[in-house]
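Colleague: Sequence and computational prediction follow.
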Amino acid sequence: MTEKIRIKDIAMRAGVSVGTVDRVLHERPNVSESARKKVEEALKEMNYQPNMYASALAYNRSYTFYVLIPKHDQLAYWEEIEEGVQTAVNALRDFHIAAHIEYYKRFDEGSFEEVTDKCLQNNPDGLVIVPTDIEVTRKFTDKLHEIGTPFVLLDSYMPDLRPLAFFGQNSFSSGYFAARMLMLIANQEKEIVLMKITKNGQMMSKQQDNREVGFRHYMRDHYPSIEIITLEMPFEATRAEYDELLENFFAQHPHIHQCITLGSRAHIMGDFLLRTNRRDVQIMGYDMVGKNAECLRLGSVSFLIAQHAYQQGYFCVNALFRAIVLKKKVEPVNYMPIELLTKENVDFYRREQL
């Protein structure tokens, strides 16, 4: 059994001191090349597999991770990420892991820089980052690479930033899948609406941009004759302002029956459709936000695509732990399931499933 192999046994096999074996196992200096080779050969011959958990506990040091996410108004997606982070921290409490969640304002470069500067000042052992604009994020991640601090990307995959790992959906495949599901009920339509929540013409995230690419790719290949009408809705607006925009839109497009949004705010239109008694119009969207789920149950939302945000939060912290504390390699790209919710199965969706 691997766990019965003692350092003393390895030292005897290699013909070196116990201290030399200890230094090799923990990658410490002051070991001659010949002694290192003897120890490594002995380890190989004995099929030695170190108990990384025991080694990490023996160090008895603490680790601090920072999690950078956008400010939000109790949206279930981000709340689930926070819960997943906390669950991971609780599971790793014996290793003295702490995770601090910091919030930046979307579409606000100054806010992101302020938060990232604070993180750098506190010298974290690792970070989980929901990226903003790639060039703005790159300024921060380049600094992390310079000082050797690993980071994991969550929500939006930007491989050019060279993260330790990524957790989230394959956004192109997700958008492609969304179009395919929508067309199960909208294949006889002549036009459909793509509702975008934007600020100054900018989408909420790179992830949603990529979803749109996948969505349009499917539509172009399979339903090129269906017109896709874009409806832009402001990121910050009151319900009255949204209502006015939607009233004007449906007055101009009375034959619209199917809509889609590639973000988590399907409920903006779903709620409007219910209050104005437009029973012949439905919208498809993302995320198990409470308001979205209610619209799904009441019929104004046709489908929701879940992203397993809880898993994302949990596995991001766990990846940092495995890489930094256990010194193990982690899978660089980790795509979450693409799960379709309807009013028949929404109540069985397990938010906290790992």
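Modeller: Looks like it arrived, so ask away. Numbering: from 1, shown residues only.
Colleague: so after the helix or strand bottoming out on mean pLDDT in the chain, what's the next helix or strand?
Modeller: Least confident helix or strand of the chain, by mean pLDDT, DSSP states H and E, is helix 52-59 with a mean of 62. Remark: after helix 52-59, the chain's next helix or strand is strand 63-70, criterion DSSP states H and E.
Colleague: Give the partner strands of that next one in its sheet and their orientations.
Modeller: Take DSSP bridges as the rule and strand 63-70 pairs in its sheet with strand 97-104 (parallel), strand 126-129 (parallel).
Colleague: which other helices and strands contact whatever helix or strand Leu43 lives in?
Modeller: Assigned by DSSP H and E, Leu43 belongs to helix 33-45. With contacts taken as 3 or more C-beta pairs under 8 Å, 6 or more residues apart in numbering; DSSP states H and E, helix 33-45 sits against helix 7-14, helix 18-25. Placement of C-beta: from N, CA and C, glycine included.
Colleague: which of the residues in the first one are buried?
Modeller: Of all the residues in helix 7-14, those buried under the rule 16 or more other C-beta atoms under 10 Å are 7, 10-11, 13-14.
Colleague: what would those residues look like in a markdown table with distance to Ile226 and pLDDT?
Modeller: Shown next, in a markdown table, are these (distance: C-beta to C-beta, whole Å; pLDDT from 0 to 100):
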| residue | distance to Ile226 | pLDDT |
| --- | --- | --- |
| Ile7 | 69 | 83 |
| Ile10 | 68 | 88 |
| Ala11 | 73 | 89 |
| Arg13 | 71 | 90 |
| Ala14 | 71 | 90 |
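Colleague: residue ranges with poor pLDDT in the stretch 51-200 of the chain?
Modeller: Along the stretch 51-200 of the chain, the model assigns pLDDT under 70 to residues 51-60, 74-76.
Colleague: which stretches of it form helices?
Modeller: 52-59, 76-91, 109-121, 134-147, 171-186 (DSSP state H, counting those that start in this stretch).
Colleague: between those, which gets nearest to Cys316?
Modeller: Proximity to Cys316, assessed across the helices of the stretch 51-200 of the chain by C-beta to C-beta, is greatest for helix 76-91 (7.3 Å).
Colleague: For that closest one, which outside residues touch it?
Modeller: Contacts to helix 76-91, defined as C-beta atoms under 8 Å, 6 or more residues apart in numbering, come from residues 67, 69-70, 72, 97-99, 101, 128, 154, 264, 287-290, 307, 309-318, 321, 351-352.
Colleague: Please apply the same query to stretch 273-286.
Modeller: Stretch 273-286 is touched from outside by 178, 181-182, 185, 195, 247, 250, 256-267, 269-270, 272, 292, 295, 298-307, with contacts defined as C-beta under 8 Å, 6+ apart.
Colleague: can you do 7 Å?
Modeller: 178, 182, 256-264, 266, 269-270, 292, 295, 298, 300-305, 307 (C-beta atoms under 7 Å, 6 or more residues apart in numbering).
Colleague: likewise stretch 216-235?
Modeller: Under C-beta under 7 Å, 6+ apart, the answer for stretch 216-235 is 176, 179-180, 183, 189-199, 242, 245, 249, 253, 268.
Colleague: For Ser156, see how far away Met203 is.
Modeller: Distance of Met203 to Ser156, given as C-beta to C-beta, to the nearest Å: 11 Å.
Colleague: For those two, indicate the residue with more neighbours.
Modeller: Each of Met203 and Ser156 has its neighbours counted (other C-beta atoms under 10 Å); Ser156 has more, 23 against 19.
Colleague: mind giving me a markdown table with the strands paired with strand 63-70 and columns for distance to Thr20 and mean neighbour count?
Modeller: Compiled in a markdown table, the strands paired with strand 63-70 are given as follows (distance: least, C-beta to C-beta, whole Å; neighbours: other C-beta atoms under 10 Å):
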| stretch | distance to Thr20 | mean neighbour count |
| --- | --- | --- |
| strand 97-104 | 31 | 18 |
| strand 126-129 | 31 | 27 |
